[in-house]
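[1] Take a look and give me a structure for this.
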Amino acid sequence: MKRKNISLLLFGLMLCIGLVSCTSQKSTLDVTSEEKALFDSDDEEPVEIADDETEYEIIIIEPGFNTWLNSIARPEGYYSQSFLESRNAIMVTTWNQRAMQPLRWNPNLYEMQINYDPSIDYGYEVNYKLYNYFIYFQRKYNQRLGPFLPRI
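    Numbering: from 1, shown residues only. So this is what the prediction gives:
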């Protein structure tokens, strides 16, 4: 069986380079000291979601994200799948637009486009972890991927 991939590979240490010069939308977020510690973590345990039923996979390599997901993010089931899908569609669109504009947006943050089709049912787990990665990313790098504040 072929496995389709939604791959998001980010290397946190490289992402910090050039943040000062990055043109981005700034927002004031209440980032806790616990979150800040996770943002500075060297823990690079990848988050992998592979579901044979849906045949889709997402791999996220970002220091601190796995621990953040398990300790700070809202638990699975908190959001409905339709909520996650609608937010992911918005944030993927913004992400991909920025990935295609490396002179305007920091190419160390937006390294590659994300292949996400809102008309495909990726299942709850893929949408949950992708959504939470976007929240983590926005809070860590002070970015906005949509018209809403990235809250927990």
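[2] in the chain, which ranges drop under the pLDDT threshold?
    1-28, 51-52, 54 (pLDDT under 70).
[3] and with 90 instead?
    Low-confidence segments of the chain, defined by pLDDT under 90: 1-63, 151-152.
[4] in it, which spans are strands?
    All strands of the chain, identified by DSSP state E, fall at 4-9, 47-51, 56-61.
[5] Which residues outside stretch 116-128 are in contact with it?
    For stretch 116-128, contacts defined as CB atoms under 8 Å, 6 or more residues apart in numbering pick out 6, 49, 51, 53-54, 56-58, 76, 79, 81, 84-85, 88-89, 92, 130. Where you see a C-beta, it was placed from the backbone N, CA and C, and this is true even at glycine.
[6] Can you tell me which of these are buried?
    With burial judged by 16 or more other CB atoms under 10 Å, the buried subset of these is 6, 49, 54, 56-58, 79, 84-85, 88-89, 92, 130.
[7] Just flag the most distant two among those.
    Greatest spatial distance among the buried ones among the contacts of stretch 116-128 (CB to CB): Glu57 and Tyr79, at 20.8 Å.
[8] Would you enumerate the residues in contact with Lys140?
    Residues near Lys140 by CB under 8 Å, 6+ apart: 35, 39, 64.
[9] 7 Å - rerun?
    Going by CB atoms under 7 Å, 6 or more residues apart in numbering, Lys140 touches Phe39.
[10] what separates it from Leu103, distance-wise?
    Distance of Lys140 to Leu103, computed by CB to CB, to the nearest Å: 23 Å.
[11] do the same with Ser33
    To Leu103, Ser33 is 35 Å away according to CB to CB.
[12] Turn the buried ones among the contacts of stretch 116-128 into TSV, including distance to Asp121.
    Formatted as TSV, these follow (distance: CB to CB, whole Å):
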residue	distance to Asp121
Ile6	13
Ile49	14
Thr54	7
Tyr56	9
Glu57	15
Ile58	14
Tyr79	16
Leu84	12
Glu85	8
Asn88	12
Ala89	13
Val92	15
Leu130	13
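[13] from the residues you listed, which single one is nearest Met112?
    Nearest to Met112 among the buried ones among the contacts of stretch 116-128, with distances taken as CB to CB, is Ile6, at 11.0 Å.
[14] and the gap between the residue lying closest to Phe148 once chain neighbours are set aside and Glu45?
    In this structure, Phe148 finds its nearest non-sequential neighbour in Arg87, 7.9 Å apart by CB to CB, 6 or more residues apart in numbering. Counting by CB to CB, the gap from Arg87 to Glu45 is 25 Å.
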